[in-house]
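1. Below are the sequence and a predicted model for it; my questions follow.
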Amino acid sequence: MQQNLSAFVKEMRKTFNLTQTDLADKSGVGLRFVRELEQGKPTLRLDKINQVLALFGKKIGVVNANE
């Protein structure tokens, strides 16, 4: 099942029993950023997204279009 980024972050946050504030504090980003990420805002900084994803052992980046 394919999952979008905002749903993945929200699901992982709940799996680890974190509030949005907890996630922001632990990842070093602002609460507003976490809220915008979970709401699917289309223009967010990739480095900050990866800061959040690092808590879950994940990251995003450029991949070949042929794969």
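-> That came through fine.
2. longest helix of this structure?
-> helix 5-15 (DSSP state H).
3. List the buried residues for it?
-> Neighbour-count burial for helix 5-15, with 16 or more other Cβ atoms under 10 Å as criterion, is recorded at 5, 9-10, 12-13. Every residue, glycine included, has its C-beta placed from N, CA and C.
4. Low-confidence bits of the protein, can you list those?
-> Within the chain, the ranges that satisfy pLDDT under 70 run 1-3, 67.
5. how about a cut-off of 50?
-> Scanning the chain for pLDDT under 50 picks out 1-2.
6. how about the helices of it, start to end?
-> Using DSSP H, helices in the chain cover 5-15, 20-27, 31-38, 46-54.
7. Output stretch 35-43 in PDB with nothing but the alpha carbons.
-> As requested, the backbone C-alpha atoms of stretch 35-43 are provided in PDB (Å, rounded to 0.1, in the frame of the first residue of the first chain):
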ATOM      1  CA  ARG A  35       1.600  20.600  11.700                       C
ATOM      2  CA  GLU A  36       2.200  21.700   8.100                       C
ATOM      3  CA  LEU A  37       4.000  18.500   7.300                       C
ATOM      4  CA  GLU A  38       1.100  16.400   8.700                       C
ATOM      5  CA  GLN A  39      -1.400  18.600   6.800                       C
ATOM      6  CA  GLY A  40       0.400  17.900   3.500                       C
ATOM      7  CA  LYS A  41       1.700  21.400   2.700                       C
ATOM      8  CA  PRO A  42       3.300  21.100  -0.700                       C
ATOM      9  CA  THR A  43       6.300  23.400  -0.100                       C
END
